[in-house]
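1. Show me the folded form of this:
(one chain, ligands or ions: 1)
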Amino acid sequence: MMREVALLAVALCATSSLAFLTPPPRPVRSRCGVRDRVLQMSGVERNPNFGKLMGGYLFPEIARRRSAFLEANPEAKIISLGIGDTTQPIPPHILSGLVHGASKLGTPPGYSGYGPDQGVKDLREKIASTLYGNRIDPDDVFVSDGAKCDIGRLQVMFGKNVVTAVQDPSYPVYVDTAVIMGQTGLINEQSRQFDGIVYMPCNPGNDFFPDLAALPQRPDVIYFCSPNNPTGVAATRPQLEALVSYAREQGSVIVFDAAYAPFIRDPSLPKSIFEIEGALECAIEVNSFSKYAGFTGVRLGWTVVPKQLKFRDGSSMHADFNRMMSTTFNGASNIVQDGGLAILDKEGLAEIQTLISYYLANAAKLRATVEAMGYKAYGGDNGPYVYVDLGGKSSWDVFSEILEKAQIVTTPGAGFGPGGEGFLRLSAFASKENVDEACERLQKVMVK
Ligand code: PL4
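-> Predicted coordinates:
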């Protein structure tokens with residue numbers, strides 16, 4: 001009898017799952033009393049802004065294409081010059097900071113639980129003094145789990161009623177988060193621009209700096225990255241002075257992404273927007289230890305929101321960002337913050353210079369290789385990316401050709417906005433051996 005009941009239950013379950021092949025609009029309890037979560041729709045309305053985004057996020061898409069190629073060609077020896085992810089080990093002094101941070105958690109006096117949402121005082125002070133020469137107040141530093149996460153938090157803080165401006169091309173997170181927040185309309189299929197975003201063209205014709213006087217609309221928030229991703233070009237002091245002056249005139253706020261600042265080797269180029277007079281009244285800076293301390297997986301960054309910054313109604317941006325952090329973030333990992341303190345020691349700073357020199361040597365080799373083949377190339381001297389002009393070719397086509405013929409992953413410029421079409425980004429975050437090999441392979445497939 002028990003066996004019959006069990007069989008009946010299984011049969012009912014099977015029938016009920018068949019019945020759900022055409023899913024009902026609301027979750028319904030099956031006769032087995034178990035919800036069939038796979039086939040049912042919830043009653044939750046989708047955030048319509050996600051429907052505006054075109055396809056997936058750029059970098060998972062690159063990873064997907066790489067995996068698909070590898071699946072079809074399991075013997076392929078792929079070299080990645082694509083996603084800007086560090087490859088070299090964390091140097092000893094910086095590593096000892098992480099080890100120290102972890103070990104002290106095993107001792108009663110060294111143990112700590114939740115820390116301050118804004119980061120430990122020592123690290124905020126050390127960032128302000130070592131990296132900003134005390135130009136900023138340590139209280140204005142918010143230590144975080146990385147620049148990308150902070151860009152998302154800033155977008156939530158600004159909300160949906162602001163007009164965002166971006167360099168075109170730029171790191172896709174600025175535009176995608178603006179879309180998700182509801183700041184934009186739909187994408188224009190022809191121009192590949194989102195309605196509501198102010199695109200600031202940056203290309204060789206304007207020395208990669210936008211004509212601010214020609215912008216079609218006054219932006220509220222200007223995302224500006226220097227050294228830029230993907231072009232690898234760093235803005236000059238006069239250019240940043242013009243940007244600050246424009247923002248002050250227009251009452252706009254600059255979100256300055258300085259994630260690659262330590263790659264700047266030319267002493268005349270500013271590493272922070274706060275080197276520019278007047279920036280404390282109109283700029284926020286997002287920053288990160290990811291790219292030069294090998295912390296892409298460790299996760300540690302910071303954002304500087306000066307107390308001087310005010311919204312139109314006179315309220316404080318610093319107070320709102322603080323509210324944002326304390327409501328949605330529980331502080332960066334205590335272990336990792338010890339790693340950050342070690343980066344800013346004399347020994348740590350020397351170690352990162354060695355790492356940066358290593359990646360910049362790769363960049364120089366990549367740039368020289370493509371230039372020797374007759375391509376115009378930019379960046380790579382004060383930033384870790386080389387930006388190659390493809391002479392009118394489609395960047396996704398060249399991406400696919402290089403993947404198929406040379407088994408090298410690159411990043412198509414079009415992924416960074418319509419202004420990036422016709423360009424290819426090569427990342428220098430690879431081992432020297434891989435860069436040497438990649439240059440040999442590129443010489444065979446990119447011949448003009
Ligand atoms: C792939 C201008 C890379 N999954 O590590 P974070 O969060 O402190 O910094 C991220 C970041 C911030 N600002 C700029 C950047 O270029 C990046 C990282 N960009 C790239 O190849 O363009 C890594 C991309 C990663 C991502 O989506 O960020």
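2. Surely residue 429 and residue 87 touch.
-> Yes. Contact criterion C-beta atoms under 8 Å: residue 429 and residue 87 qualify, at 5.8 Å. (C-beta placed from N, C-alpha, C; glycine too.)
3. of these two, who's got more company?
-> Neighbour totals were compared for residue 429 and residue 87, and residue 429 leads with 23 against 17 (other C-beta atoms under 10 Å).
4. Helix or strand: which one has that one?
-> Using DSSP states H and E, residue 429 is not contained in any helix or strand.
5. what residues are up against it?
-> The contact partners of residue 429, by C-beta atoms under 8 Å, 6 or more residues apart in numbering, come to 84-87, 291, 359, 362, 384.
6. List the ones among those that fall in helices.
-> Among those, the members falling in helices (DSSP state H) are 291, 359, 362.
7. In space, what's closest to the second one - neighbours in sequence excluded?
-> When you say that, I think you mean residue 359. Excluding its sequence neighbours, the residue lying closest to residue 359 (C-beta to C-beta, 6 or more residues apart in numbering) is residue 428, at 4.7 Å.
8. Pretty sure the one you found sits against residue 382.
-> No. Using C-beta under 8 Å, residue 428 makes no contact with residue 382, being 11.9 Å away.
9. neighbour-wise, which of these two wins?
-> More neighbours surround residue 428 than the other of residue 428 and residue 382, with 26 against 21 (other C-beta under 10 Å).
10. Let me see the contact set for residue 333.
-> So residue 333 contacts 145, 299-300 (C-beta under 8 Å, 6+ apart).
11. before we move on, back to that, ok, the ones in helices among the contacts of residue 429 vs the ligand, which is closest?
-> Distance to the ligand across those (C-beta to the nearest ligand atom) is lowest for residue 291, with 7.2 Å.
12. Can you check what pLDDT the model gives that closest one?
-> At residue 291, the pLDDT value in this model is 95.
13. now do residue 12
-> Residue 12 is assigned a predicted lDDT (pLDDT) of 36.
14. repeat for the one 5 residues further on
-> With respect to pLDDT, residue 17 scores 34.
15. ok, back up a step: ok, of the contacts of residue 429, which come out buried?
-> 84, 86-87, 291, 359, 362, 384 (16 or more other C-beta atoms under 10 Å).
16. Residue 423 is in contact with residue 390, correct?
-> Yes. Counting by C-beta under 8 Å, residue 423 is a contact partner of residue 390 at 6.2 Å.
17. and the two? which has more neighbours close in?
-> For residue 390 versus residue 423, neighbours defined as other C-beta under 10 Å are more numerous around residue 423 (26 against 19).
18. after the helix or strand bottoming out on mean pLDDT in the chain comes which helix or strand?
-> None of the helices or strands of the chain scores lower by mean pLDDT, DSSP states H and E than helix 2-19, at a mean of 38. Once helix 2-19 ends, the next helix or strand along the chain (criterion: DSSP H and E) is helix 48-52.
19. Is the very next helix or strand once past that next one positioned near the ligand?
-> Tracing the chain past helix 48-52, the next element assigned as helix or strand by DSSP H and E is helix 58-72. Yes. Counting by C-beta under 6 Å from any ligand atom, contacts between helix 58-72 and the ligand involve residue 59.
20. Could I get the contacting residues of the closest residue to the ligand within the stretch 301-448 of the chain?
-> Distances between the stretch 301-448 of the chain and the ligand by C-beta to the nearest ligand atom are smallest at residue 301, namely 4.2 Å. Shown in contact with residue 301 (C-beta under 8 Å, 6+ apart): 143-147, 149-150, 259, 286-290.
21. What about those residues, which are in helices?
-> Using DSSP H, these in helices are 147, 149-150, 290.
22. and those residues near the ligand, which?
-> Residues of the ones in helices among the contacts of residue 301 in contact with the ligand (C-beta under 6 Å from any ligand atom): 147, 290.
23. Now neighbour count too, for the ones in helices among the contacts of residue 301, in TSV please.
-> Compiled in TSV, those are given as follows (neighbours: other C-beta atoms under 10 Å):
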residue	neighbour count
147	25
149	18
150	27
290	22
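24. Among the ones in helices among the contacts of residue 301, which one sits closest to residue 201?
-> Residue 201 lies nearest to residue 147 out of the ones in helices among the contacts of residue 301, by C-beta to C-beta, at 23.7 Å.
25. tell me, how many neighbours does the residue found closest to that closest one once you drop the neighbours it is linked to in the chain end up with?
-> The shortest distance from residue 147 to any residue other than its chain neighbours is 4.1 Å, reached at residue 288 (C-beta to C-beta, 6+ apart). A total of 26 residues lie near residue 288 under the criterion other C-beta under 10 Å.
26. Now do the contacts for residue 288.
-> 146-147, 259, 295, 300-302.
27. Equivalent analysis for residue 98, please.
-> Residues in contact with residue 98, defined by C-beta under 8 Å, 6+ apart, are 90, 298, 335-336, 338-339, 342.
28. Just among those residues, which is most surrounded?
-> Going by other C-beta under 10 Å, residue 339 tops these with 29 neighbours.
29. Surely that one touches residue 295?
-> Yes. At 7.2 Å, residue 339 and residue 295 qualify as touching, with contact defined as C-beta under 8 Å.
30. what is in contact with the two at once?
-> Common neighbours of residue 339 and residue 295, using C-beta under 8 Å, 6+ apart, are 90, 289.
31. rewinding a little: where does the closest residue to the residue of the stretch 301-448 of the chain closest to the ligand other than its chain neighbours land on pLDDT?
-> Excluding the flanking residues, the one nearest residue 301 by C-beta to C-beta, 6+ apart is residue 288, at 3.7 Å. The score at residue 288 is 98. That number is its pLDDT.
32. same thing with residue 21?
-> Predicted confidence (pLDDT) for residue 21: 34.
33. quick one, what contacts residue 151?
-> Contact analysis of residue 151 by C-beta under 8 Å, 6+ apart lists 173-174, 177, 223, 255, 257, 286.
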